[in-house]
Structures are given as C-alpha cells and as structure tokens.
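A.B. asks: What shape does this take:
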Amino acid sequence: MSKLSGIEDLIVQDCFLEAFTDIRLQLQKDVYRSGISYTFTKKDLHSFIIELRLMLRGLLNDSFSDFVNLLYAVDVSENKIRFDTVKKSEEILEIAIGLLIKREWDKVRFRNDMDTRD
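C.D. replies: All right, here's what the predicted structure looks like:
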C-alpha cells in the first residue's frame with residue numbers, strides 16, 4: 001500500500017481494524033448521500049482501499065463536482081486537500097483517502113461512544 005496521508009499508523013491499530021466494517025458502511029452511506037451511485041464490494045481493508053482509490057480517481061477525472069460533494073457529505077473540508085499546491089492527481093487521491101477514512105472513523109467512534117453511554 002502506498003502512503004495514505006498518515007493513515008498507515010491508524011490502520012494497524014486493533015481498534016481501527018475492529019471498527020473497519022462500520023467505517024466501510026459509514027462511507028458507503030455517505031457515498032449514497034452525496035448522490036453517487038457506487039456500491040463498494042470489497043470487504044477486506046487493503047482491497048477496499050484499492051477500490052476506494054479507483055472510485056475516487058474516476059470522480060476526480062470525470063466528475064469533479066461529485067468528488068467535492070463526497071468530501072462535503074463526509075464532512076471533509078476541500079481546503080485540507082489544497083488543490084492549488086498539490087500538482088499530481090495521485091497525491092490528491094492519497095490525501096483524500098486519508099482524510100475520508102479518518103473522518104469516517106471519527107464518526108464511528110463517536111457513535112460507539114454515545115451507544116456505550118446509553
């Protein structure tokens with residue numbers, strides 16, 4: 001796996017791996033909510049990252065507005081990607097993957113924390 005904007009340390013944590021299914025489902029929900037009709041089929045982490053990269057590459061190249069809508073649906077600021085300073089689309093993809101996964105994990109952890117308080 002290539003560098004993913006600092007998520008390498010994150011994805012080796014047991015708590016992340018335990019929550020991966022929920023993270024994948026949360027991202028799927030946000031993909032649909034953003035108006036993108038794409039269904040993730042990969043269930044293991046590394047295959048999912050590859051599938052996510054391919055889907056995002058397609059959006060970045062063919063439908064930039066859908067790419068931005070997905071960032072908005074997940075609650076990732078497009079300013080964090082800094083399109084004006086990043087020159088290569090692969091860099092943009094790696095940054096976006098890291099930000100999307102980190103944000104979805106934050107949502108899952110928050111929801112789980114709320115569930116344990118009830």
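A.B. asks: Hmm, R53 is touching I97, no?
C.D. replies: Yes: if you go by CB atoms under 8 Å, R53 and I97 touch, sitting 6.2 Å apart. Quick note: C-beta positions are derived from backbone N, CA and C, even for glycine.
A.B. asks: Give me the mean pLDDT for the longest helix seen in the chain.
C.D. replies: Longest helix in the chain, counting residues (DSSP state H): helix 89-117. What helix 89-117 shows for mean pLDDT is 87.
A.B. asks: And for the residue most central in space within the chain, nearest residue in space, chain neighbours not counted?
C.D. replies: Centroid-nearest residue in the chain, with CA atoms, centre = their mean: L100, separated by 2.9 Å. Excluding the flanking residues, the one nearest L100 by CB to CB, 6 or more residues apart in numbering is V74, at 5.5 Å.
A.B. asks: Might you report the residue contacts of the residue nearest to K80 when sequence neighbours are not counted?
C.D. replies: In space, and not counting its chain neighbours, K80 is closest to L99: 5.8 Å by CB to CB, 6+ apart. Residues counted as contacts of L99 (CB atoms under 8 Å, 6 or more residues apart in numbering) are S5, L71, V76, K80, I81.
A.B. asks: just checking, Q26 touches F110?
C.D. replies: No: the criterion here is CB under 8 Å, and Q26 misses it with F110 at 10.6 Å.
A.B. asks: quick one, which of these two is more surrounded?
C.D. replies: Each of Q26 and F110 has its neighbours counted (other CB atoms under 10 Å); Q26 has more, 19 against 10.
A.B. asks: list the contacts for that one?
C.D. replies: By CB under 8 Å, 6+ apart, Q26 lies in contact with E104, K107, V108.
A.B. asks: Of those, which is the most crowded?
C.D. replies: For these, neighbours tallied by other CB under 10 Å; top is E104, 23 neighbours.
A.B. asks: And the longest helix of the chain, what's buried?
C.D. replies: 92-105, 107-108 (16 or more other CB atoms under 10 Å).
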